[in-house]
Structures are given as C-alpha cells and as structure tokens.
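# okay, sequence plus prediction incoming.
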Amino acid sequence: MRRPVLIVVLVTLPIIVFAVFFGPKIFLGGKITLFNDSPMLAQAGPRVVLDGRALNFDVPPVVQDGRTLVPMRAVFEALGAQVGWDEATRTVTAAKGGTEIKLTLGGMAFKNGSPVGLDVPARLVNGRTMVPLRFVSEALGCQVAWDGATRTVAITSGSGPTADTTVGRVNFTKAVMGNSRLPILMFHTVNRAKPKGGLDPYWEWSFRELIDRMYREGYRTITAREAYDFNIRGVRLPEKSIWLTFDDGWEDNLTFAAPILAEYGYVATIFVETSKIGGYLRLNSEQIATLRDKYRWDIQLHGHVGHQPIPINSEGKKGSFYNDLKWLQELSRMETMEERHARVKADLESCIKIVSQYNTACCFAYPSSLNGATPEIRADNDRVLDELGIMGVNVGKTGGEQIVPLNTTSRHNLCRLGIAGDTTYDKIFNIQNFGIFVLLEDSSFDTRFPVYDSINDRFVIGTTDGRIMTVGKNWIVELKPIPVQKPPGSGRPEPKSHIVPSILSNGDIWVGSVSGSVLYRLDLKDLTKPALREISLTFSPHNVVNDGTNLYAFDTSGVVKKIDLATGEASIYCTLPNSGTALYTGSVLNDGKLYTYDSKRKHIVKYDFVNKKLIKYISWEPSDYQLQPWYVIDDNNILTYCNKNLRHVILEYN
C-alpha cells in the first residue's frame with residue numbers, strides 16, 4: 001500500500017522543486033501560486049487586499065499601459081456580488097443589491113444601463129476576465145488605493161473598515177478660479193497610409209484608439225460657435241469639453257476621420273484653405289457639404305491665399321502672409337500698416353464669402369501659427385478679426401505644450417495642441433500639455449509657493465530664488481518677481497532661497513525664508529518694501545500655514561510648530577504621520593484640515609489639524625507628478641502645483 005505513494009512522491013517532488021525555484025511564481029497569502037509563462041505575467045503581479053484581508057487568485061493581477069488589471073469574478077464575488085458569464089456575447093454580468101454591472105470583453109461597460117469608463121479595455125487572461133482597478137471603484141462604490149512601495153492594491157468596501165487612502169485623479173477641464181478650461185486638439189490628415197505627395201497622416205487605428213479613450217473618459221466635443229462663445233463672450237463650458245479641429249481641408253478627413261467620430265456622436269471643426277478647394281487630395285465643394293450636412297462638422301476659415309508666401313524685402317526673401325509686411329516690388333518700398341490691414345482683411349473676406357455658403361463664419365486658424373512677427377502686426381491682426389466679427393486661433397508646436405487662453409490678454413490667441421503620427425491619449429492628456437503655468441517673458445516660470453490673496457483677489461507667489469511676485473486669477477503676471485528684502489538694520493544675509501508665503505485674515509503676510517531659517521512679515525499692500533519684522537527660527541520653514549489667526553511653520557520632517565507672533569517663540573503643536581521618514585514640501589490649511597505633500601511616499605496627507613489626527617492619504621497615477629497642494633476648492637478638489645513640470649492642476653478625490 002505504501003509503494004504507490006512513494007512512487008508518486010519520488011516522481012512529483014522534482015517537478016514541484018523545479019517549478020518553485022525556476023518557474024514563474026507569485027506569493028499570495030503565504031502560498032506559492034504557479035501560473036502560465038505569459039509575457040504579461042513574467043513578473044509577479046501586485047498584491048490585492050480587501051478590507052485588510054489579502055485576496056488569492058488563480059490568475060494574479062497584471063499591469064497594462066500603466067494600469068493595474070484584476071480578475072473581475074474573484075474581486076466582485078469577494079465583495080458579495082453574483083457574477084455570471086454569457087459565452088455567446090462574451091459578456092460578464094455582476095449583481096449586488098440594486099446594482100447591475102454588464103461588461104463585454106473589448107467593449108463597453110454599463111452600470112444600471114449607464115456607461116462606465118474603462119482606463120484600458122477588459123481582456124481575457126488565462127480564462128479570466130481582467131478589469132482595471134478604477135472600474136471596481138466606479139462599479140460597486142469601493143475605494144481603491146495603490147501603494148507603490150509594497151506593490152499593494154487596497155480595496156475598501158462600504159462594509160469594511162474606513163479607508164486610509166483614496167486615489168485621486170488630475171482633471172484638466174474643471175474651471176479654475178472661475179476660468180473654464182478647454183483642451184483643443186489640431187489634426188491635419190487621418191489615413192491608413194501616406195498618400196503620394198500628401199502629408200504624414202495621423203494613423204487611422206491610432207485615431208480610433210484616441211477617440212475611443214476620450215469617449216470612455218467622458219469627454220464631449222464642442223462646436224466652433226461654442227468655442228467662440230467661450231473665448232469671446234466668456235460663456236462657461238461644461239466639464240470635459242474638448243474642441244477637435246482639422247486644418248487645410250484634406251479629403252481623408254471625410255473618408256476616415258468623420259465616420260469614426262460619428263460612431264461616438266462626436267463633431268469637429270475643419271479650417272479650410274478656400275483657394276485649394278477641389279485641389280489635389282483636397283475636399284471639393286460637395287464633400288465639404290457632406291461633412292457639414294451628414295456629419296455636422298463646422299466649416300471655418302483658414303485663409304484664402306494666406307498660405308502663399310509674400311516678398312518681404314527687395315532681394316525677394318519670402319515671408320508669411322499674416323506674419324509680415326509685404327515688399328511692394330512695383331513701388332520699391334515696404335507696404336504701410338494701413339495697406340497691410342487692407343490686404344489681410346480682403347483675404348479673409350474672400351474666405352468668409354465661401355465658408356458662409358455652408359455655415360456662419362466665426363473662427364479663423366492662422367496657417368502655421370504665424371500670427372504677427374511684431375507686436376504691432378499682431379495687434380493689427382486682432383483689429384482685422386474684430387472688424388470681421390471672427391475669432392483667431394493658433395497652434396502650439398506639434399507635440400508640444402498648449403498655451404491656455406488664461407495666459408494671454410488677446411482674444412485671438414486661443415491655442416491648440418498639434419497632434420501628429422500616432423500620439424497616444426496619455427501623451428496628449430498630461431500636465432505638460434494642459435497644466436496651467438505662469439508665463440513670464442514668453443517662458444513658463446517656477447511658481448512653486450503660491451497662496452491665494454482673498455483680500456486683493458490674486459495670487460501671491462514665492463520663488464525658489466528669494467523673490468516674491470503677484471499673479472491675477474487669469475494667471476497673468478501683475479508684479480514681476482522682486483527680491484524679498486530683510487528689515488532695515490537686520491544682521492541677517494538677504495534671502496536667496498525658497499520663499500514660502502502665508503496670509504492671515506487680518507491682512508498680515510508672513511513668508512518663510514528656507515535658507516535663512518527666518519520668517520519675515522511683509523507689507524501686503526506694497527511687497528516691494530523691506531520686511532517690517534523678522535522672527536528667527538531653529539529650523540527651515542519649508543511649510544508655512546495659518547488658521548486665520550495663528551501662524552504655523554514646519555520643516556520637511558513634519559514637526560509642526562506654532563509661532564507666537566508677539567514673542568517670536570515657536571512651540572510644538574503637533575507631529576504629522578511618518579514624522580522623521582517623510583519629506584513634507586507644500587502645504588495648505590483650510591477649514592481645520594491640513595493638506596501636505598509627502599514627496600517620499602508621493603501622496604498628500606489630509607490631516608485633522610484641530611483634533612490632531614490623520615484623515616486619509618490621497619494618491620494618484622502617475623505618482624511622479626509630485627502634486628503639492630496650495631488651494632482647497634472644496635472637499636473633493638485641490639488646486640496643486642506639479643513640482644516636476646512647473647504646472648498647476650486640479651486633483652480630484654473622494
């Protein structure tokens with residue numbers, strides 16, 4: 001009776017040993033689970049914990065395109081849902097209480113009949129339906145958090161213990177301080193191959209993937225008139241609005257781009273070079289009418305002959321139609337500004353006459369984004385557009401950043417983001433392209449330490465080189481950076497490093513000088529004056545906050561000290577979580593809650609400052625955005641500064 005057992009052991013033991021030490025493996029709950037040698041599963045997947053309890057899977061989680069996918073059935077059943085599978089339609093159905101979830105592999109997901117966005121499509125791995133983590137949160141109302149250090153996914157259900165972490169998300173379209181945000185994308189051609197003599201296209205399959213992702217993320221397209229009303233009349237746009245634009249009038253806009261957009265109920269605007277209508281690879285009049293009538297596209301202005309170069313000196317050097325003054329060869333002189341004005345206006349009037357056959361003309365896109373070589377020419381272009389009642393738009397460098405309209409005083413500088421090749425959604429929708437920045441001398445400026453000045457309705461910003469400045473809510477510089485001056489008679493060196501401001505309710509503004517370990521009181525009415533007072537500290541005030549009356553400061557370790565403004569004494573008020581191992585840089589105190597960024601753990605700590613206890617951690621993806629909080633919009637939205645990209649964005653969280 002014992003011999004068969006011994007044989008089995010002798011035969012199977014080497015196989016088990018080989019599999020354990022040489023085969024792919026993952027440790028879950030203290031057990032070794034073997035899985036197939038798939039490229040996606042070559043590395044052990046993240047650990048998943050539900051309400052503090054580790055979950056074990058026969059197919060472990062995987063990471064795809066930066067998103068963690070988990071087995072839907074195992075997670076949903078652990079959450080108490082009934083899960084079913086329809087092989088014919090390849091659809092998973094899950095039900096819990098009054099909630100019904102339906103998800104088709106490679107397709108859409110629905111919660112009680114309403115579409116639910118997916119970061120990446122669900123897919124089948126070793127016979128298991130894998131879904132993105134965010135879908136678990138949106139489908140069954142759970143809180144999902146990611147700990148990169150331990151590669152752990154923490155899921156907290158409503159019936160489990162209170163979550164100590166929530167996953168936030170950057171929102172590029174939410175209104176900031178009353179200013180709507182509008183991403184604008186610019187394409188030329190969309191095709192399956194490069195036509196002979198044509199432009200390099202945005203590939204059809206990449207275009208479809210981009211539009212599908214935008215749809216799943218909840219974006220809605222707007223018309224040219226809506227863009228005009230937004231920029232010229234100041235009409236607020238719904239969140240997640242986006243303007244899709246196409247330049248020149250290429251034929252494949254109708255054959256490839258329009259049908260794809262129609263599948264999603266999307267519309268676009270095409271800026272047509274009217275003198276080229278019916279030309280090689282260009283749309284003819286009937287095709288333009290089809291775009292307008294069948295696909296509901298807006299037909300707008302791209303100039304009549306404005307793409308053609310003009311002579312700009314007696315040697316015949318060529319320049320831009322809308323950018324330069326023209327050399328009048330027959331008169332041997334440069335045209336006057338009045339002559340230039342008439343030339344540009346006549347060209348646009350010719351363009352308007354043709355476009356008006358299809359719809360009302362309201363927008364003009366500058367060819368090659370060349371809008372005036374000098375301020376005088378740019379101002380003259382603005383006057384022409386004002387006289388014609390149309391709006392001008394530019395385009396940022398293809399693949400480069402979009403300067404949002406909040407950065408300009410011109411009504412005709414709405415700027416688009418040029419899209420080319422096979423640029424992906426994640427490369428387009430990022431902080432570098434759509435984060436707000438302060439424009440100073442035509443360059444983005446490091447505005448790392450801002451505070452909202454409610455008394456003067458503006459931002460006061462400390463710099464990293466010992467200066468201070470002010471910026472309006474339209475993000476235009478009011479007071480250029482000036483050095484913070486120490487009080488007369490002070491024996492300290494002048495501030496040369498990080499300046500961290502905080503404004504009390506009585507109008508007193510105090511700034512921390514990190515390099516000098518000192519607090520300075522400035523005159524909020526005139527920041528150019530020397531400091532009125534200084535308070536010496538025994539630590540570097542990387543963080544300075546106030547509750548309206550009292551001032552608090554702390555260094556990166558998180559030991560918060562209350563400053564007695566009468567005596568200058570600093571006493572310990574509280575110690576933040578992970579003190580000693582954290583690196584706190586960037587904080588704001590609002591309504592009794594402190595928000596501070598721990599750059600070591602790459603999350604924001606939300607802390608009950610009155611009762612001195614942790615509320616939650618707020619994380620996000622990708623974590624290297626380094627978002628430092630500085631203005632609390634409400635309990636679910638924080639205006640943050642991205643230390644990595646010098647941009648300001650809103651972080652949403654639950």
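Received it, and whenever you're ready, just let me know what you need.

# ranges for the strands of the stretch 101-250 of the chain?
With DSSP state E, counting those that start in this stretch as the definition, the stretch 101-250 of the chain shows strands at residue ranges 109-111, 114-116, 123-125, 128-132, 143-147, 152-156, 165-167, 169-171, 184-187, 190-191, 202-203, 220-221, 241-248.

# would you list the strands that the last one pairs with, along with their directions?
The partner list of strand 241-248 in its sheet, established with DSSP bridges, is strand 184-187 (parallel), strand 220-221 (parallel), strand 269-272 (parallel).

# so which of those strands is the most packed in?
Comparing the strands paired with strand 241-248 on average neighbours per residue, with mean count of other C-beta atoms under 10 Å, the densest one is strand 269-272 at a mean of 28. (C-beta placed from N, C-alpha, C; glycine too.)

# next one: that strand to chain centre, how far?
The gap between where strand 269-272 is centred and where its chain is centred comes out at 26 Å by C-alpha atoms, centre = their mean, to the nearest Å.

# now the helix or strand following that strand, how far from the chain's geometric center?
Read in the C-terminal direction, the helix or strand following strand 269-272 is helix 285-293, with elements assigned using DSSP states H and E. With C-alpha atoms, centre = their mean as the basis, helix 285-293 stands 35 Å off its chain's centre.

# now do stretch 518-537
For stretch 518-537, the separation from the chain centroid amounts to 35 Å (computed by C-alpha atoms, centre = their mean).

# end to end on it, go ahead and measure it.
Stretch 518-537 has an end-to-end distance of 5 Å (criterion: C-alpha to C-alpha, to the nearest Å).

# do the same with stretch 615-623
For stretch 615-623, the first and last residues are 20 Å from each other (C-alpha to C-alpha).

# what average pLDDT does that stretch get?
Rounded to a whole number, the mean pLDDT of stretch 615-623 is 90.

# who's in contact with that stretch?
Counting by C-beta atoms under 8 Å, 6 or more residues apart in numbering, stretch 615-623 makes contact with 66-67, 145-148, 163-170, 593, 595, 601-608, 627, 638, 651, 653, all of which sit outside it.

# confidence-wise, which of the strands paired with strand 241-248 is weakest overall?
strand 184-187 (a mean of 92).

# which residues touch that one?
202, 207, 227, 242-247, 257, 365, 393, 395, 402, 414-419, 428.

# kindly recompute the last result at 7 Å.
202, 242-247, 395, 402, 414, 416-419 (C-beta atoms under 7 Å, 6 or more residues apart in numbering).

# max pairwise distance over those: which two?
202 and 414 (21.3 Å; C-beta to C-beta).

# how many neighbouring residues does residue 651 have?
The burial metric for residue 651, expressed as a neighbour count using other C-beta atoms under 10 Å, is 22.

# what's the answer for residue 356, then?
11.

# one more: residue 418?
Other residues within reach of residue 418, judged by other C-beta under 10 Å, total 18.

# relative to residue 394, how far out is it?
Applying C-beta to C-beta, to the nearest Å, the value for residue 418 to residue 394 is 10 Å.

# what do you get for residue 110?
Going from residue 110 to residue 394 by C-beta to C-beta gives 40 Å.

# ramachandran coordinates for residue 378?
Comment: the main-chain dihedrals of residue 378 come out as phi -60, psi -40, following degrees, to the nearest 10.

# which residues touch it?
Shown here is residue 378, whose contacts under the criterion C-beta under 7 Å, 6+ apart are 371-372.

# could you measure it against residue 443, distance?
As for residue 378, its distance to residue 443 is 18 Å (criterion: C-beta to C-beta).

# please apply the same query to residue 305.
Spatial separation of residue 305 from residue 443 under the definition C-beta to C-beta is 34 Å.

# quick one, which of those two is more surrounded?
More neighbours sit around residue 305 than around the other of residue 305 and residue 443, counting by other C-beta under 10 Å; the figures are 15 against 9.

# wait, what's in contact with the more buried one?
By C-beta under 7 Å, 6+ apart, the residues touching residue 305 are 275, 347.

# quick one: it is in a helix?
No: Residue 305 sits outside any helix when classified using DSSP: H, G, I helix; E, B strand; the rest coil, being coil.
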